[in-house]
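Peer 1: Just to be clear, the model below is a prediction. Sequence and coordinates:
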Amino acid sequence: MIQDSVKIHDNFSLEVKSIYENISEKKKTKYNTLTYLFIPNGLNINNQTYSKSKFYNDVKVYIRYNASEYTLDEILNLKTGPLHQLIKIVKKISGKKVSKKNKLEFESRVKMLGVILNNTLKIAIPSLKDFGKSNVAISIDYFTKLKNFLSFYRGLVGIIEHLKIEEELKKTIKYGDEYMSNSINYYLIVLLDYYKIINVEKEILKIIISFLKEEQAYRKIQNYDLTSEEDYFDETLLHKRSQLKKYVEGVLFLNRDVRKDGAFFEQSIFAIAAGLAMVFSTGIAFYYQQVYGNFTLPFFIALVVGYMFKDRIKASIGLLFVSKANSLFHDFKIKIRDSGTNLIGVVRENFTFVPFNKLGPKVKRHRLKNRFIDADYNFLGEKIIQYKKKIVIYPKKFGEEISDNRLNSMVDITRVNLYRFTTQMDDPKKEYSLLKKGKIINRVGNRIYHINLIQKFYTEKGVEFKRYLVIMNRKGIKRIEPVELDIY
């Protein structure tokens, strides 16, 4: 099963997030995804102006584990849960000399608890929003449990700070404390804003505000939010939080070993081509040597002609391979490994331009839905980028480094920068005139461009489609709208 979303990452980048589940514990899990970008002809994006190297320069891929799902009750009470796993390793490093293995496990447990809590809060927010309208008591109970969790964790922080261990380990658990405080602060503010809009009872607003103030005071005491007066735009604070986020969430990230797909086969073909060309050239040389002898003009001409044909034969076979390679190989083969170098999976990716008539019938129908002009597609004109991914997940080593029995999926985050698409766009504002009550009125409207994105997923449960409309102008992406597709 694939969970997928497309959103704006920054002014010029869209983020495609796909979650691939590791379905079987014994067999490989396979997914194929096809992403089509339909680009207006006027943007001058085609196979002459937009090469593979430019595309891959504009695409940034992150692959990580998807954080396991726990409820707050399970985090607090489950004996095999992340909090109790951290308690166990704290006991280990408290009673004896700390081994390298225990250090690594302690760091991993702190980070895992942080990312799991963050994921727990993210999942709980929609329910808490509803409870704010329907059952305030449940929301209040949730905040009480959240405070209990912080009290429990900060008790472990106190234990670690009094141990005679390396300062690095003491800093690790403090980093976890700061990260979780930031996460709680973020989601509490999201809830507070929402509760104010829907006018919930003042009691719950007071509780959230009090919680936020307590956390702010705590972070100040711990020097977590320490900034100088000169840091007027909070550059240092935001940079520190960004680094902290990368440090803690780095426990989920996987290493990518990127190599050209089919490189060995390609070099073998080139070697065979060179051999065949050499056989041809040498054969001509031997023949004319026997007929005309050495050091004669005809023999010299035969050598030159043989060399010319040798060069062309070698190049022609190479070009033939390159032209057929897209159907045989992908552009890159990416081996996904965890921090322990265990092979988690393999991703193959391929980029190409495709004509509209080469698309599947369902992709065509989905693209032609909701057209502004019911004209022939070729008349409207678009260039189509096809970005193909083939994903294989190996179950044997999946999640072994983290040792979390609920870890069952991998996240592929692909960011596509569309800045090159804007270079040929018109000004974002355009003047036009209209007649109103007998007078000509000049107005200014927004000049926008539509880039359609269609995704086709091959999973073990069948084929799925999704379509999004990316609306942008020269200043960047304005919004992304999902398009509802017909079921055939």
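Peer 2: Structure received. Please read these numbers as outputs of a predicted model, since none were measured by experiment.
Peer 1: Spell out the residue ranges of the strands in the stretch 151-300 of the chain.
Peer 2: 255-260 (DSSP state E, counting those that start in this stretch).
Peer 1: got any ranges where it has weak pLDDT?
Peer 2: Within the stretch 151-300 of the chain, the segments meeting pLDDT under 70 span 226-233, 261-277, 279-280, 285, 288, 292-293, 295, 299.
Peer 1: at 80 what do you get?
Peer 2: Residues of the stretch 151-300 of the chain that meet the criterion pLDDT under 80 lie in 225-235, 259-300.
Peer 1: Mind naming the longest helix for the chain?
Peer 2: In the chain, taking DSSP state H as the definition, the longest helix is helix 100-134.
Peer 1: can you list the domain ranges for the protein.
Peer 2: Domain assignment for the chain by automatic domain parsing gives 2-65+330-483, 72-253, 262-328.
Peer 1: Any chance of JSON lines for those domains, columns mean neighbour count?
Peer 2: For glycine as for every other residue, the C-beta is placed from the backbone atoms N, C-alpha and C. Below are the domains of the chain laid out as JSON lines (neighbours: other Cβ atoms under 10 Å):
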{"stretch": "domain 2-65+330-483", "mean neighbour count": "16"}
{"stretch": "domain 72-253", "mean neighbour count": "16"}
{"stretch": "domain 262-328", "mean neighbour count": "14"}
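Peer 1: could you say what helices and strands the longest helix of the chain packs with?
Peer 2: On a contact count with 3 or more Cβ pairs under 8 Å, 6 or more residues apart in numbering; DSSP states H and E, helix 100-134 meets helix 72-77, helix 82-95, helix 136-161, helix 167-198, helix 235-249.
Peer 1: Compare the ones you listed and give me the one nearest K358.
Peer 2: Closest to K358 of the helices and strands packed on helix 100-134, according to Cβ to Cβ: helix 235-249, at 40.2 Å.
Peer 1: Just the C-alphas of the closest one, formatted as CSV.
Peer 2: What follows is helix 235-249, C-alpha atoms only, in CSV (Å, rounded to 0.1, in the frame of the first residue of the first chain):
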residue,chain,number,x,y,z
GLU,A,235,18.5,33.6,13.0
THR,A,236,20.5,31.7,15.7
LEU,A,237,17.3,30.3,17.3
LEU,A,238,15.9,29.0,14.1
HIS,A,239,19.2,27.6,12.9
LYS,A,240,19.7,25.8,16.2
ARG,A,241,16.2,24.3,16.1
SER,A,242,16.8,23.2,12.5
GLN,A,243,20.1,21.5,13.5
LEU,A,244,18.4,19.8,16.5
LYS,A,245,15.6,18.5,14.3
LYS,A,246,18.1,17.0,11.9
TYR,A,247,20.0,15.5,14.8
VAL,A,248,17.1,13.7,16.4
GLU,A,249,15.2,12.8,13.3
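Peer 1: can you give me how far that helix is from the chain middle?
Peer 2: In terms of Cα atoms, centre = their mean, to the nearest Å, the centre of helix 235-249 is found 19 Å from the chain centre.
Peer 1: And R447, its phi and psi?
Peer 2: Dihedral pair for R447: phi -100, psi 110, per degrees, to the nearest 10.
Peer 1: so what strands line up beside the helix or strand that contains Y458?
Peer 2: Y458 belongs to strand 449-459 when assigned by DSSP states H and E. Using DSSP bridges, strand 449-459 pairs in its sheet with strand 29-40 (antiparallel), strand 462-473 (antiparallel).
Peer 1: possible to save the ones you listed as JSON lines with mean pLDDT?
Peer 2: Below are the strands paired with strand 449-459 laid out as JSON lines (pLDDT from 0 to 100):
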{"stretch": "strand 29-40", "mean pLDDT": "92"}
{"stretch": "strand 462-473", "mean pLDDT": "91"}
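Peer 1: Looking at those, spot the one closest to L188.
Peer 2: Among the strands paired with strand 449-459, the nearest to L188 by Cβ to Cβ is strand 462-473 (31.1 Å).
Peer 1: Return the distance of that closest one from the chain's centre.
Peer 2: 16 Å.
Peer 1: what's the following helix or strand after it?
Peer 2: That would be, after strand 462-473 and using DSSP H and E, strand 476-483.
Peer 1: That following strand to strand 462-473, inter-axis angle?
Peer 2: Using axes from the mean of the first three to the mean of the last three Cα atoms, to 10 degrees, the inter-axis angle of strand 476-483 relative to strand 462-473 is 150 degrees.
Peer 1: so can I have a markdown table of the helices and strands packed on helix 100-134 showing distance to L297?
Peer 2: Below are the helices and strands packed on helix 100-134 laid out as a markdown table (distance: least, Cβ to Cβ, whole Å):
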| stretch | distance to L297 |
| --- | --- |
| helix 72-77 | 90 |
| helix 82-95 | 85 |
| helix 136-161 | 90 |
| helix 167-198 | 80 |
| helix 235-249 | 72 |
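Peer 1: between those, which one is nearest to K260?
Peer 2: The closest of the helices and strands packed on helix 100-134 to K260 is helix 235-249. By Cβ to Cβ, the value is 28.8 Å.
Peer 1: Would you mind naming the helix or strand containing the residue nearest the centre of the chain?
Peer 2: Nearest residue to the geometric centre of the chain (Cα atoms, centre = their mean): I413, 0.9 Å. Element membership of I413, judged by DSSP H and E, is strand 409-417.
Peer 1: Pull the distance from that strand to the chain's centre.
Peer 2: Using Cα atoms, centre = their mean, the offset of strand 409-417 from its chain centre is 2 Å.
Peer 1: now that strand: mean pLDDT?
Peer 2: Strand 409-417 shows a mean pLDDT of 92.
Peer 1: and what of stretch 480-488?
Peer 2: Stretch 480-488 comes out with an average pLDDT of 83.
Peer 1: what's in contact with it?
Peer 2: 6-8, 14, 362, 365-366, 369-370, 465-471 (Cβ atoms under 8 Å, 6 or more residues apart in numbering).
Peer 1: Which one of these is nearest to K437?
Peer 2: I471 (32.0 Å).
Peer 1: How much space separates that closest one from E484?
Peer 2: Applying Cβ to Cβ, to the nearest Å, the value for I471 to E484 is 16 Å.
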